[in-house]
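Q: Can you look at this prediction? I've put the sequence above it.
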Amino acid sequence: MASGTLYTYQNNFRAYKALIAAQYSGADVKVDSSFEFGVTNKQEDFLKKFPLGKVPAFESNKKEYLSESNAIAYFVSSEQFKGATPYEKALVQQWISFADNEILPASYAWVYPSLSVAQFNKLAVDRAIEDVKAILTYLDNYLLTKTYLVGERISLADITVACSLIQLYQHVLNPDFRKSYTNVNRWFDTIVNQPKVVKVVGKFEYCQKSAEFNQKLYTELQGASGEKKQLKKEKPKKAPEPKKPAPKEEAPAEEPDAADLILAAEPKSKDPFDALPKGTFNMDEFKRVYSNEEESKSIAHFWKHFDKENYSIWFGEYKYNNELQKVFMSCNLISGMFQRLDKMRKNAFASVCLFGSEGDSTISGVWVWKGHDLAFELSNDWKVDYDVYTWEKLDANSEETKKLVSEYFAWTAKDKEGRPFNQGKIFK
């Protein structure tokens, strides 16, 4: 059985393939939590193992090295997961090629301009949309009488194709666009909601409104991108050539997404939490335990290591629950807040839950962050949403708090009026 270390940056859909395959196959694959893109993969020790400096990269416990995501996923998969017969194995390879050669180029050409990390070219985007329609139509017809892509159980084919579709379903395939592809939607929803997939990817959030190109944001990101490209090419003395819009730009299969590259190279603004004492609570370690272990273990880990002197626990309750109508809109409220608080993630964690049902629901959550004051007031960028919640600082020593934290972290809580848990979102 394969075992080893995977080097990757956070939320890399290519790395998902290997991590999910490992879940299904029982392989012992751990992510190097110290990996920092643009730093670790430029170091001499890393380049000795992986000369191209690409991620995801895998180092087995036997000192075997792989640096292509499909190869890594194949290596950590069990024989059954690769296909039960020679024909099924060939079909798995067919779908892996389909994902790389058909889905990803179309996805990049539509998603990246929509996220404003690539220049918008209407002709190129329109062509990409038509390509996506053709891909989804083909998949929809294929899945008409099938539950999975190969055989009667999930295989590496399902994981590879689903991971390649993630960016489309996440950013541009709004409900109106995707409603025509019922078989693909059914299959994709089945895959992303498998417990072993959720353990890697988390609860998947579908696009509700397609991302649209923003010229101002694109210009700002290109400012950060200039530093990124210099770092990537390692030619700091050569002036970059003028950027020419291409009708269809296909990102190399194993390069980080444009958005991730820009974020990796973006100058880091001062974190307001840096002024506070570091404390002993390792937030990253807790998040890893929470993501990879059962709730009983992760909650026990939290209370064993929680630093009451330098961290605090808060209860936030949405003020306008009477205005909540549609469940998906309520979930969007939570997701939107999380997105706007992205730079808090390093020093904060939250479990925010929706209780009840359509037209009769509430939102509340338990938050943990560094310091003992209301964290949102540390930065003007964090004040957008917090005033629509009431905030109560909890006593970390009380049994009542421990019970509340356990229920919210495990998603077994009810709201104050007894409404049952509907769904939750984790800020980590």
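A: Received, thanks. Since the structure is predicted, the reported quantities are computational estimates derived from the model, not experimental observations.

Q: Can you show me the helices along the stretch 301-428 of the chain?
A: In the stretch 301-428 of the chain, helices defined by DSSP state H, counting those that start in this stretch lie at 327-340, 399-409, listed in chain order.

Q: buried sites along the shortest one?
A: To tie it back to what came earlier, the one meant is helix 399-409. In terms of neighbour count (16 or more other CB atoms under 10 Å), helix 399-409 has its buried residues at Thr401, Lys402, Leu404, Val405, Ser406, Glu407, Tyr408, Phe409. Backbone N, C-alpha and C define where each C-beta goes, glycine included.

Q: Reformat those as JSON lines; add pLDDT and distance to Gly279.
A: Below are the buried residues of helix 399-409 laid out as JSON lines (pLDDT from 0 to 100; distance: CB to CB, whole Å):
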{"residue": "Thr401", "pLDDT": "96", "distance to Gly279": "18"}
{"residue": "Lys402", "pLDDT": "95", "distance to Gly279": "19"}
{"residue": "Leu404", "pLDDT": "96", "distance to Gly279": "22"}
{"residue": "Val405", "pLDDT": "95", "distance to Gly279": "18"}
{"residue": "Ser406", "pLDDT": "95", "distance to Gly279": "22"}
{"residue": "Glu407", "pLDDT": "95", "distance to Gly279": "25"}
{"residue": "Tyr408", "pLDDT": "96", "distance to Gly279": "22"}
{"residue": "Phe409", "pLDDT": "95", "distance to Gly279": "20"}
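
Q: rewinding a little: quick one, which of the helices of the stretch 301-428 of the chain gets closest to Lys383.
A: Among the helices of the stretch 301-428 of the chain, the nearest to Lys383 by CB to CB is helix 327-340 (9.6 Å).

Q: Quick one: list the elements packing against the closest one.
A: strand 348-357, strand 360-370, strand 421-427 (3 or more CB pairs under 8 Å, 6 or more residues apart in numbering; DSSP states H and E).

Q: what mean pLDDT would you report for whichever strand or helix holds Phe286?
A: Taking DSSP states H and E as the criterion, Phe286 maps to helix 283-292. Taken as a whole, helix 283-292 carries a mean pLDDT of 91.

Q: when you compare where it runs with where strand 348-357 runs, what's the angle?
A: Relative orientation of helix 283-292 versus strand 348-357 (axes from the mean of the first three to the mean of the last three CA atoms, to 10 degrees): 40 degrees.

Q: wait, isn't Tyr16 in contact with Gly202?
A: No: Tyr16 is beyond contact range of Gly202, at 10.3 Å (criterion: CB atoms under 8 Å).

Q: between those two, which one's more packed in?
A: Using other CB atoms under 10 Å as the criterion, Tyr16 and Gly202 rank with Tyr16 on top: 23 against 14.

Q: is it true that the more buried one lies in a strand?
A: No: under DSSP: H, G, I helix; E, B strand; the rest coil, Tyr16 sits outside any strand and is assigned helix.

Q: returning to that earlier point: mind putting the buried residues of helix 399-409 in a markdown table, distance to Gln94 included?
A: Compiled in a markdown table, the buried residues of helix 399-409 are given as follows (distance: CB to CB, whole Å):
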| residue | distance to Gln94 |
| --- | --- |
| Thr401 | 54 |
| Lys402 | 52 |
| Leu404 | 51 |
| Val405 | 48 |
| Ser406 | 47 |
| Glu407 | 46 |
| Tyr408 | 45 |
| Phe409 | 42 |
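
Q: Closest one of the residues you listed to Gly316?
A: The closest of those to Gly316 turns out to be Tyr408 (CB to CB; 10.6 Å).

Q: Enumerate every residue touching that closest one.
A: Each residue near Tyr408 by CB atoms under 8 Å, 6 or more residues apart in numbering is listed here: Ser351, Cys353, Gly365, Val366, Gly424.

Q: Specify the stretch among the helices and strands packed on helix 327-340 that is closest to Val125.
A: Proximity to Val125 (CB to CB) singles out strand 421-427 among those, at 30.1 Å.

Q: which secondary structure elements does that closest one contact?
A: helix 327-340, strand 348-357.

Q: would you list those in TSV and tack on mean neighbour count and mean pLDDT?
A: Formatted as TSV, the helices and strands packed on strand 421-427 follow (neighbours: other CB atoms under 10 Å; pLDDT from 0 to 100):
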stretch	mean neighbour count	mean pLDDT
helix 327-340	16	83
strand 348-357	21	94
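
Q: which one of the ones you listed lies closest to Gly4?
A: Of all the helices and strands packed on strand 421-427, strand 348-357 sits nearest to Gly4, with 28.3 Å by CB to CB.

Q: any idea of the angle the closest one forms with strand 360-370?
A: Going by the same axes, to 10 degrees, strand 348-357 is angled at 170 degrees with respect to strand 360-370.

Q: Sheet partners, orientation included, of strand 348-357?
A: strand 360-370 (antiparallel), strand 421-427 (antiparallel) (DSSP bridges).

Q: Adding mean pLDDT, write the ones you listed out as JSON lines.
A: Listed next are the strands paired with strand 348-357 as JSON lines, based on pLDDT from 0 to 100:
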{"stretch": "strand 360-370", "mean pLDDT": "95"}
{"stretch": "strand 421-427", "mean pLDDT": "92"}
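
Q: ok, now which ones touch the residue nearest to Trp369 when sequence neighbours are not counted?
A: Distances taken as CB to CB, 6 or more residues apart in numbering place Ala348 nearest to Trp369, at 4.0 Å, with adjacent residues excluded. The contact partners of Ala348, taken as CB under 8 Å, 6+ apart, are Met283, Leu341, Trp367, Val368, Trp369, Lys370, Ala375, Phe427.

Q: and what of Ser406?
A: Residues in contact with Ser406 (CB under 8 Å, 6+ apart) are Glu295, Ile299, Thr412.

Q: Over to Asn70?
A: By CB under 8 Å, 6+ apart, the residues touching Asn70 are Lys17, Ile96, Asp100, Thr160.
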